[in-house]
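Give the three-dimensional model of this entry:
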Amino acid sequence: MTAREIHYNALQAKAVGDFKEAMALLMQVINDYPNTEKAQEAKHLHCNLRELGGVQLDADSMKAPERPVNTSTHRREPTAEPASKYSMARMMFCLMITVGWIIVIIGAVCAVLGLATGSTAGIAVGFFYGIGGLISGLMVVVTGQFMLATVDNADNTREILTLIKERT
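Residues are numbered from 1 along each chain as shown. As a prediction, this is how the structure comes out:
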């Protein structure tokens, strides 16, 4: 097996709680593939596992560590508005949404004015360009909102990760 495969198996063993197997597989990667990136990752994970459960690889303690069970009912309340690492992106997307709404308003005004002129040319130019502007503006607004949702998702995921790390 390659270092990548052994490392993957160690991660799988850790995920199911078989810390003994995970530690042994990590040591195999460290010893058999010492100059690889996976060996460096294995060393880091091996240290983390030892810190978590105090697992040693001697014959006396080749068992999974006892993990403390959090029976506390106290939950940390999430912050009202987590600090975003993407404040500039958030500002740009809000500006994009504002510009989109301005385009929608201009498109709606052009469409109404095009219909109000009564002439064929006025209707053709004003109405159709107005509808085009209205649709384009709505697309800009929707795109900006999708991008804001992506930034919110990144911020919320970071907050969830913080809560998970506090519990373990």
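
so how far is residue 105 from the residue located most distally from the centre of the chain?
Here the chain reaches farthest from its C-alpha mean at residue 119, the gap being 53.4 Å by C-alpha atoms, centre = their mean. Taking C-beta to C-beta, to the nearest Å as the measure, residue 119 and residue 105 are separated by 24 Å. Heads up, the C-betas are built off the backbone N, CA and C, glycines and all.

Likewise for residue 12?
Counting by C-beta to C-beta, the gap from residue 12 to residue 105 is 56 Å.

thinking again about what came up before, so for the residue farthest from the centre of the chain, what pLDDT did the model give?
Listed pLDDT for residue 119 reads 81.

just residue 91 next, same as before
Predicted confidence (pLDDT) for residue 91: 92.

That one - how many residues pack around it?
Using other C-beta atoms under 10 Å, residue 91 has 10 neighbouring residues.

same deal with residue 107?
So residue 107, with other C-beta under 10 Å, has 20 neighbours.

Can you name every helix or strand that the strand or helix carrying it contacts?
When elements are assigned from DSSP states H and E, residue 107 belongs to helix 87-117. Counting contacts by 3 or more C-beta pairs under 8 Å, 6 or more residues apart in numbering; DSSP states H and E, helix 87-117 packs against helix 120-122, helix 128-167.

All set, thanks.
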